[in-house]
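Asks: pasting the structure only:
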Ligand code: NI
């Protein structure tokens, strides 16, 4: 159980579609713990394996912090697939642990249905709306090599990328 380094925008692993998880033994269990540890350490509410440098189809979510709940609400999605998306869309501000300091409004389907496997490999199906729907879509995008930057207009993307490059230059001189 270790909080690992979060991979940042510009590193190739974030852009590679992930491979399916086939085993549910110690290695996968260790990966799940590392994902949660890294996410809590970084103060996020969701994280996908490529963000810790592992190109496998798994992400974890815990909205406890965002919703100010005392108890954690751990959700592990292995090999997730979004099988239905509502036509109705919603706009909300998103950020990403791999692009710290950057936020932008992203439009996404309001409701989704997801099929996945839990940490033991059992099939699960869930319907989500609101914040959970958004976080799942954001994390599943990561598993396909897609970042929230890709979901905004080209102009906004260019502005965000400039802002990001400047912030990285400032960071490296410290
Ligand atoms: Ni992200």
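Replies: All right, it came through fine. Just so we're clear, the structure is a prediction, and the values are computed from it rather than from any experiment.

Asks: Give me the buried positions along the top strand by length along the chain.
Replies: Using DSSP state E, we find that the single longest strand of the chain is strand 74-85. For strand 74-85, the neighbour count (16 or more other Cβ atoms under 10 Å) marks 75, 76, 77, 78, 79, 80, 82, 85 as buried. Placement of C-beta: from N, CA and C, glycine included.

Asks: Help me confirm that residue 61 comes into contact with residue 136.
Replies: Yes - here residue 61 reaches residue 136: they are 6.8 Å apart, a contact under Cβ atoms under 8 Å.

Asks: anything in contact with each of these two?
Replies: Residues touching both residue 61 and residue 136 by Cβ atoms under 8 Å, 6 or more residues apart in numbering: 46, 77.

Asks: what residue is smack in the middle of the protein?
Replies: residue 139 (2.9 Å; Cα atoms, centre = their mean).

Asks: Count residues in the vicinity of residue 12, would you?
Replies: Residues within reach of residue 12, counting by other Cβ atoms under 10 Å, total 10.

Asks: Pull up the gap between it and residue 141, please.
Replies: 16 Å (Cβ to Cβ, to the nearest Å).

Asks: Mind listing what's buried along the helix or strand where residue 169 lies?
Replies: Element membership for residue 169 (DSSP states H and E) is helix 154-172. Buried residues in helix 154-172, counted by 16+ other Cβ under 10 Å: 157, 160, 164.

Asks: Helix, strand, or coil at residue 102?
Replies: What DSSP: H, G, I helix; E, B strand; the rest coil gives for residue 102 is coil.

Asks: Could I get the pLDDT score of it?
Replies: Reading off the confidence values, residue 102 has pLDDT 93.

Asks: got the contact list for it?
Replies: Applying Cβ under 8 Å, 6+ apart to residue 102 gives the contacts 95, 96, 149, 160, 163, 164, 167.

Asks: Residue 5: which of these is nearest?
Replies: residue 96 (15.2 Å; Cβ to Cβ).

Asks: With residue 61 as the reference, measure out to the nearest residue to that closest one once chain neighbours are set aside.
Replies: Closest residue to residue 96 apart from its sequence neighbours, by Cβ to Cβ, 6 or more residues apart in numbering: residue 148 at 5.7 Å. For residue 148, the distance to residue 61 equals 15 Å [Cβ to Cβ].
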